[in-house]
Structure formats: structure tokens, C-alpha cells
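Q: Provide a 3D model corresponding to the input given below.
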Amino acid sequence: MRTPWIAILVLVGVAGCQCGEQPAEVTVAPHYAGWEAVVDAVARGDRRDAAERSRLMTEGEPSLWSGPGAEDANARVGAGLGFIAMAEDSEELADGLASAALGCGDCHAAAGATHELERPALAHPTAARWVAWGLVWHDPRIPASEDERLQPLIQQWSEPVPKDTDGVDPQVAQAARWFAACARCHSESG
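A: Modelled structure (predicted):
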């Protein structure tokens, strides 16, 4: 029987591939398709839409990587998305989103995954996405913005996270404050 060398080489190449070594043109992995729609729904305080979109994200394969740390990170993502689906108010939506985003970031960090995505300028329509992607890629910086609506949030971001976060990761607590502020404002303005 003749050995299919090309098939063996392809398998070896795929097995040795690391998430951070993907070609630059690969910008969106299927395991987080719909992520920004979840972020936007949470920022609007739209519980029904956020619940449906988070449910859709949990269908199928939750991760591309299964190395050390992936199980805990995937569990955090799933728990955060599940919390969004069951949220009763904008505060719970915010907590779920922040927890899920940090779970994504934990998996990426453990896998050594990197990205070459450029985030858009910080403005009102992109503010919640800025914070969510910051957690997903462990890049919590918030740039200056001319948008007056964001000034209170930017100021709050620079302040220390309160110590009474009940054991919640400080990054999650800080991001949740941001998301909840978005949702409160959007809910009040209709």
C-alpha cells in the first residue's frame, strides 16, 4: 500500500499550527461570529436580543483550541453567555458580557493567540465594543475621545475599581460598570 505523503504532511502541518501564527488575512474566527451583535445588544440594554444572540453564540464548537487553560476559559465564556441569556436587568447583562469577554481573553492568552485587528476610533457607537475587545485581547487601554458623551465613562475607567467587588475579577467589574452605564443611558433615552 502506498503511503499518502501529502495527507500526512497536511496533518502534521495542521497539528503544529498555533493560533497566533494564522495568516494576516484571517480576521474573524467562526467561534465568535456574532460577538459584536451581543455586545451591541447589551450596550442597548436589550435583554431579549442579547439573550437570543448569546444563545446563538453557544451553538456549535465553542473554541478552536483545547490546550492547558482552555477548559476553564471556555467554561467562563459559556457561563457569561448563559448569564446574559438569563439576565433580568442591564446590570446582569453587563456582568455576563464582561465575564464572557474575559474568558475569551484568558483562552487567547493561554493559547498564545494574537490578533492584527485594528480597533476603530473611540466614539459613542464603538465605545462598548472598545471595552469588550479590550477584554477579549487583554488590551484594556481606553484612548482619549472628543465625544462628550464618553467623558464620564473615560474618567470612571481611569479610577480604581472599588474593592467591594465580591470576589469578581477587577477587570470584569470595571468593564461591567462601563457596559451597564451604556445600557442605562440607552434604556433611558429609548
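Q: Give me the residue at the spatial middle of this protein.
A: residue 101 (3.0 Å; CA atoms, centre = their mean).
Q: Next up, identify which helix or strand it is on.
A: For residue 101, the element it lies in under DSSP states H and E is helix 90-111.
Q: mind listing what's buried in that helix?
A: 90-108, 110-111 (16 or more other CB atoms under 10 Å). Just so you know, the C-beta spots here come from the backbone N, C-alpha and C atoms, and that holds for glycine as well.
Q: elements contacting that helix?
A: In this structure, helix 90-111 makes packing contacts with helix 35-44, helix 47-58, helix 70-86, helix 127-136, helix 170-189, judged by 3 or more CB pairs under 8 Å, 6 or more residues apart in numbering; DSSP states H and E.
Q: Columns mean pLDDT, distance to residue 151 and mean neighbour count on top of those, output as a markdown table?
A: Listed next are these as a markdown table, based on pLDDT from 0 to 100; distance: least, CB to CB, whole Å; neighbours: other CB atoms under 10 Å:
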| stretch | mean pLDDT | distance to residue 151 | mean neighbour count |
| --- | --- | --- | --- |
| helix 35-44 | 94 | 17 | 23 |
| helix 47-58 | 92 | 26 | 18 |
| helix 70-86 | 90 | 28 | 18 |
| helix 127-136 | 90 | 11 | 23 |
| helix 170-189 | 87 | 12 | 19 |
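Q: nearest to residue 161, of these?
A: Nearest to residue 161, of all the helices and strands packed on helix 90-111, is helix 170-189, at 4.4 Å by CB to CB.
Q: Need the residues that contact that closest one.
A: 42-45, 90-91, 93-95, 97-99, 101-102, 127-128, 131-132, 134-135, 140, 149, 152-153, 156-157, 161-162, 165, 168 (CB atoms under 8 Å, 6 or more residues apart in numbering).
Q: any idea how far that helix is from the chain center?
A: Offset of helix 170-189 from its chain centre (CA atoms, centre = their mean, to the nearest Å): 15 Å.
Q: what do you get for stretch 109-120?
A: 11 Å.
Q: Buried residues in it, which are they?
A: Applying 16+ other CB under 10 Å to stretch 109-120 flags 110-111, 113, 115 as buried.
Q: Now residue 85. Nearest residue, chain neighbours left out?
A: Excluding its sequence neighbours, the residue lying closest to residue 85 (CB to CB, 6 or more residues apart in numbering) is residue 51, at 4.4 Å.
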